[in-house]
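Novice: Generate coordinates for the sequence data below:
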Amino acid sequence: MEEKQGKLLPFLYETAPGRFLLRGLTHPAISKIAGAFLDTRASTVLIRSYVRKYHIDLSLYEPVQYQSFNQFFTRKIKPENRPFAMGEHDLPSPCDGKLTVFPITPDAQFTVKGQLYTLDRLLRDENLADQFQGGYCFIFRLTVDDYHRYHYLDSGTKEEDVFLSGKLHTVRPIALLNRPVFCENSRAYTVLHTDHFGQVVQVEVGALLVGRIQNHHGPGPFQKGQEKGLFLFGGSTILLLLEPHRVALLPELLTQCQGGREIPVRQGQTLG
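Specialist: Residues are numbered from 1 along each chain as shown. This next block holds a predicted model:
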């Protein structure tokens, strides 16, 4: 899926001066400073041009008088515009995004945009990573025009969220080609004990200018379709790890995702 990335990102990721500058730009403090401004009333001046640039249809969302850009960015969609697959055996997408699906090999390695990742590097927990060997990894790449709230894929109980500090790179393809983004970026993961899909790990990955991954709940029960959390401004990524023999993917999904291709999906859409 091609994206216009202009001249700035190639400069930052593919030249020596750019990579030097990138060291500062990807520090979480920079994203926090930007995020603080986007929480102010003054930031509402950005909304109109943003809507026009990304062709956002505000009629799909709940009508609100926005008090900040971040309030606009995390706007709630009308429920009828994101119907959630609620059958007990339906595996729904937890979010909007561009999806790729990878089988997790016996040595727990998978490739994203030319970069090789291991689950133990991603989670910093080798024992937890081992439980998903032979299962599936779903990668949902959210871009700035996507809906940035995400929901639980099933009912069950959750453990405490685990936050792993790191840098904040963009998750656009140019960064994925040049940096191990999913292992370097600040991220949070949650172990979900689901009613119908066994143990699932959901990972939320922050990105450049996403200073906050906001999960709503501590450990305890959750319901299928309930909102789990949201990202503030920027492109972001969600990964789902499923154990082997827990889900039968839709055949068309496997066909469309062959070779690491991305396909657009919507929150609530049945994946398996």
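Novice: C-alpha from now on. contacts and neighbour counts both.
Specialist: Noted.
Novice: in the stretch 101-250 of the chain, what spans have low per-residue confidence?
Specialist: For the stretch 101-250 of the chain, applying pLDDT under 70 flags the ranges 108-117, 166-185, 207-211, 234-235.
Novice: As a check, name the ranges of all helices in it.
Specialist: For the stretch 101-250 of the chain, the helices defined by DSSP state H, counting those that start in this stretch occupy 119-123, 126-130, 173-178, 181-184.
Novice: So what's the gap between the helix or strand where Ile47 lies and the chain middle?
Specialist: Ile47 is part of helix 47-53 when elements are defined by DSSP states H and E. Centroid separation between helix 47-53 and its chain, computed with C-alpha atoms, centre = their mean, to the nearest Å, is 22 Å.
Novice: and if you look at stretch 201-217?
Specialist: Here stretch 201-217 is found 7 Å from its chain centre; the criterion is C-alpha atoms, centre = their mean.
Novice: can I get the CA coordinates of it in CSV?
Specialist: What follows is stretch 201-217 as a C-alpha-only set of coordinates in CSV (Å, rounded to 0.1, in the frame of the first residue of the first chain):
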residue,chain,number,x,y,z
VAL,A,201,-2.0,-10.8,24.1
GLN,A,202,-2.9,-7.4,22.7
VAL,A,203,0.0,-4.9,22.2
GLU,A,204,-0.5,-1.2,21.6
VAL,A,205,2.5,0.5,20.1
GLY,A,206,2.9,4.3,20.3
ALA,A,207,4.3,6.3,17.4
LEU,A,208,5.8,9.7,16.7
LEU,A,209,3.7,12.3,18.4
VAL,A,210,1.7,9.6,20.2
GLY,A,211,2.8,10.4,23.8
ARG,A,212,-0.1,8.5,25.3
ILE,A,213,-1.6,5.1,25.0
GLN,A,214,-4.7,5.3,27.1
ASN,A,215,-6.1,2.0,28.4
HIS,A,216,-9.3,2.4,30.5
HIS,A,217,-9.2,-0.6,32.8
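Novice: Around Ser49, how many other residues sit close by?
Specialist: A count of nearby residues for Ser49, using other C-alpha atoms under 10 Å, gives 10.
Novice: So which residues of the stretch 51-200 of the chain form strands?
Specialist: Along the stretch 51-200 of the chain, counting by DSSP state E, counting those that start in this stretch, strands occupy 97-103, 109-112, 115-118, 136-142, 149-151, 156-158, 162-164, 187-194, 199-205.
Novice: Just tell me which of the ones you listed ends up closest to His217.
Specialist: With C-alpha to C-alpha as the measure, strand 156-158 is the member of these nearest His217 (8.9 Å).
Novice: What strands flank that closest one, and is each parallel or antiparallel?
Specialist: Using DSSP bridges, the strands paired with strand 156-158 in its sheet are strand 187-194 (antiparallel), strand 220-222 (antiparallel).
Novice: what's the most buried one of those strands?
Specialist: strand 187-194 (a mean of 22; mean count of other C-alpha atoms under 10 Å).
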